[in-house]
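Asker: Here's my sequence, what's the structure:
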Amino acid sequence: LHYSFNRNYRCFGTIGRQLTGLNILNLEDGELVTCLAPHIVIHELMHVVGLWHEQMREDRDDYIKVHKENVKSGYESQFVKVGSNYASTYGTPYDYLSIMHYGKSVFAKPGTISMETVDPKYQDIIGTAKKPTKNDYKKICSIYNCRYCPGATGQKTTMPKPRPPPVTKPVPRPRKPATARPPSAPAPAPRPQNPGRCYDQDPYQCMQLKSSRNLNCRYDPHFRLCCATCNSIPPIAPFPLPFPYVPPPMPFPGPWFW
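Answerer: A predicted model of the protein is given here:
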């Protein structure tokens, strides 16, 4: 689809798929004429998807009378009837309310009308539609063989809601049969710490704490439990600072969020 906003070209769009593979749509946007009103844009886009003017239907003489004598020179082609070999009504009735219907004085000479409705109550209604009718949508859905056509039924949607995916319960893994562990020797009870002596009350636990780096000799219960192990660890000297460290003042009180 190639669309443009060229001035002095009014509003037009090619009808349906073109042999060249390119549809043309022009929406003039000038000081005196504009085609950017929503209902005009919809009208032209419906040309692009394949709809003709309603007053060009083959059966239009049963519903309107075209006053060809009042049509401006050069615009006669806008009122020719399109035969069934070029267009189909897809079983829809003639629609005075269609957004594809022209108004009574379109392309008419000054002070005259170009169309007169057989039913007088629609004389001032044709050409005033602001949105497509059910018949407009039905034609489009018929052209493209749409399975669902909400606009033609007047419903918000006729598509079934998607079903949630089936929930599959996890299959429990088979448990391995429990195997009897060989009897282990009971852990030796911690020895009481005698005053004036330094030893590990539970050497095995102290070894585990040291190897896992969870031994905190500054923590009194750890030191009393693992006195010998703690004394065997060389103390770590603090990293000297070249100057006294003073924390910088905060610019404003907390809390802060980042």
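Asker: Strands of the stretch 101-250 of the chain, start to end?
Answerer: 115-117 (DSSP state E, counting those that start in this stretch).
Asker: Neighbours of K134, how many?
Answerer: 16 (other CB atoms under 10 Å). To be clear about C-beta, it is placed using only N, CA and C from the backbone, and glycine gets the same treatment.
Asker: residue contacts, the residue nearest to it when sequence neighbours are not counted?
Answerer: Distance criterion CB to CB, 6 or more residues apart in numbering; nearest residue to K134, sequence neighbours excluded, is A152 at 5.1 Å. By CB atoms under 8 Å, 6 or more residues apart in numbering, A152 lies in contact with 134-135, 137-138, 141.
Asker: Next: T117.
Answerer: T117 sits next to 63-64, 96, 104, 123, 126 when contact means CB under 8 Å, 6+ apart.
Asker: By neighbours, which of these wins?
Answerer: Busiest of those [other CB under 10 Å] is I64, holding 25 neighbours.
Asker: pretty sure that one is touching S114, no?
Answerer: No. Assessed by CB atoms under 8 Å, I64 is found out of contact with S114, at 9.8 Å.
Asker: related to what we said a few turns ago, with distance to H47 and pLDDT added, can I get the contacts of A152 in TSV?
Answerer: Listed next are those as TSV, based on distance: CB to CB, whole Å; pLDDT from 0 to 100:
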residue	distance to H47	pLDDT
K134	19	96
N135	16	97
Y137	15	96
K138	17	96
C141	17	95
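Asker: Next one: R60 from Y94, what distance?
Answerer: Separation of R60 from Y94 (CB to CB, to the nearest Å): 7 Å.
Asker: More neighbours: which of these two?
Answerer: R60 (20 against 17).
Asker: So the more buried one sits against V80, correct?
Answerer: No. R60 is beyond contact range of V80, at 10.3 Å (criterion: CB under 8 Å).
Asker: Just name the closest of the contacts of T117 to L22, please.
Answerer: Taking CB to CB as the measure, I126 is the one of the contacts of T117 closest to L22, at 31.8 Å.
Asker: so that closest one makes contact with Y102?
Answerer: Yes. Counting by CB under 8 Å, Y102 is a contact partner of I126 at 7.0 Å.
Asker: so what sits against both of these two?
Answerer: Common neighbours of I126 and Y102, using CB under 8 Å, 6+ apart, are 55, 115.
Asker: so what's Y96 up against?
Answerer: For Y96, the contacting residues are 54, 63, 117, 119, 122, 125-126, by CB under 8 Å, 6+ apart.
Asker: among those, which two are most distant?
Answerer: By the measure CB to CB, E54 and D119 form the most distant pair in those, at 14.0 Å.
Asker: More neighbours: the two, which one.
Answerer: Relative neighbour count places E54 above the other of E54 and D119, with 26 against 10, counting by other CB under 10 Å.
Asker: Angles on the backbone of that one, please.
Answerer: phi -60, psi -40 (degrees, to the nearest 10).
Asker: For it, give its distance to H47.
Answerer: As for E54, its distance to H47 is 12 Å (criterion: CB to CB).
Asker: ranges for the helices of this protein?
Answerer: Per DSSP state H, the chain carries helices over the ranges 38-49, 134-143, 150-153, 203-211, 220-225, 227-232.
Asker: need those in CSV with distance to G13, can you?
Answerer: Below are those laid out as CSV (distance: least, CB to CB, whole Å):
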stretch, distance to G13
helix 38-49, 4
helix 134-143, 14
helix 150-153, 19
helix 203-211, 82
helix 220-225, 86
helix 227-232, 90
